[in-house]
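Visitor: Please find the sequence and the predicted model below.
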Amino acid sequence: GAGVSQSPSNKVTEKGKDVELRCDPISGHTALYWYRQSLGQGLEFLIYFQGNSAPDKSGLPSDRFSAERTGGSVSTLTIQRTQQEDSAVYLCASAPGQGNSPLHFGNGTRLTVT
Amino acid sequence: AQKVTQAQTEISVVEKEDVTLDCVYETRDTTYYLFWYKQPPSGELVFLIRRNSFDEQNEISGRYSWNFQKSTSSFNFTITASQVVDSAVYFCALSEARRGFDKIIFGKGTRLHILP
């Protein structure tokens, strides 16, 4: 009966390092979303998965960002060569179907790039 | 283009007052869904309501009510007799059928402070 789980909850990294953020969705949820929330900003769409495929990657801010999902379950968001502007809370959400289903959000990963 | 505007960045009201949070959306679709989510200080976003574009009936749930008006592309949220526990950031969101409902766009949110 667990909800969406994200790890780590907090990550501090040095500029230029790579980071991996993990999302474990609710069991059986086929849709998985990544959003970014910067201080004072709304939720910025990054990428969406339906099963293992990502029909919409339009929100990824640069080619330093990538994401994958394996087995229709766990997803990893990777940021290469982190920059200070990447500092934000990265939120993952899952849903049982397509975008008309309410999203279930995790608690997010707070990324700080020093 | 798909867009959600929440013009009110921050609102403060005294407990027991009514407060309305505005949401204006843009879409070229005739079929779409609108949502409201609440993000309390703990951080986890919680789903509040979903409406589809064919259902303009207003909805009431306890102290919460939603006014959907297609003529003005608005989906406003009213809290009646506000309580301190209502303090949170509230987000309005839009999902379009044309894109297969695969992308949910959020507004920037309205931070609501309920003062005791």
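Guide: That came through, no problem.

Visitor: Secondary structure class of the residue lying closest to A:Phe45 once chain neighbours are set aside, three-state.
Guide: Once flanking residues are discounted, A:Phe45 sits nearest to A:Gly59: 4.1 Å by CB to CB, 6 or more residues apart in numbering or on different chains. C-beta: built from backbone N, CA, C; applies to glycine. Classification of A:Gly59 using DSSP: H, G, I helix; E, B strand; the rest coil returns coil.

Visitor: Does A:Gly59 touch A:Leu46 like I think?
Guide: Yes: when contacts are counted by CB atoms under 8 Å, A:Gly59 is listed as touching A:Leu46 (4.4 Å).

Visitor: who's more crowded, the two?
Guide: Neighbours per residue (other CB atoms under 10 Å in any protein chain shown) separate A:Gly59 from A:Leu46, with A:Leu46 holding more: 21 against 17.

Visitor: if I read this right, that one contacts A:Trp34, doesn't it?
Guide: Yes: counting by CB under 8 Å, A:Leu46 touches A:Trp34, with 4.2 Å between them.

Visitor: Quickly list what's touching both of those two.
Guide: A:Ala67, A:Leu77, A:Tyr90 (CB atoms under 8 Å, 6 or more residues apart in numbering or on different chains).

Visitor: Can I get these in a markdown table including pLDDT?
Guide: Shown next, in a markdown table, are the shared contacts of A:Leu46 and A:Trp34 (pLDDT from 0 to 100):
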| residue | pLDDT |
| --- | --- |
| A:Ala67 | 96 |
| A:Leu77 | 97 |
| A:Tyr90 | 97 |
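
Visitor: mind checking the end-to-end distance for stretch A:96-113?
Guide: 33 Å (CA to CA, to the nearest Å).

Visitor: Does it reach chain B?
Guide: Yes: residues of stretch A:96-113 are located near chain B by CB under 8 Å from any CB of the partner chain, namely A:Gln98, A:Gly99, A:Asn100, A:Pro102, A:Leu103, A:His104, A:Phe105, A:Gly106, A:Asn107, A:Gly108.

Visitor: What separation do you get for A:Phe105 and A:Ile26?
Guide: Going from A:Phe105 to A:Ile26 by CB to CB, to the nearest Å gives 11 Å.

Visitor: and these two? which has more neighbours close in?
Guide: The residue with more neighbours, out of A:Phe105 and A:Ile26, is A:Phe105; 23 against 18, by other CB under 10 Å.

Visitor: and that one, what are its phi and psi?
Guide: In terms of degrees, to the nearest 10, the main-chain angles of A:Phe105 are phi -100, psi 150.

Visitor: The residue nearest to it when sequence neighbours are not counted: neighbouring residues, count only.
Guide: Excluding its sequence neighbours, the residue lying closest to A:Phe105 (CB to CB, 6+ apart) is B:Leu45, at 4.1 Å. Neighbour count for B:Leu45, taken as other CB under 10 Å: 27.

Visitor: B:Leu45: what's it in contact with?
Guide: A:Leu91, A:Ala93, A:Leu103, A:Phe105, B:Tyr37, B:Lys38, B:Gln39, B:Phe91.

Visitor: Double-check that the last one belongs to a strand.
Guide: Yes: counting by three-state DSSP, B:Phe91 is found in a strand.

Visitor: Can you tell me the element the residue nearest in space to the middle of chain A falls in?
Guide: Centroid-nearest residue in chain A, with CA atoms, centre = their mean: A:Trp34, separated by 3.4 Å. Using DSSP states H and E, A:Trp34 falls within strand A:31-37.
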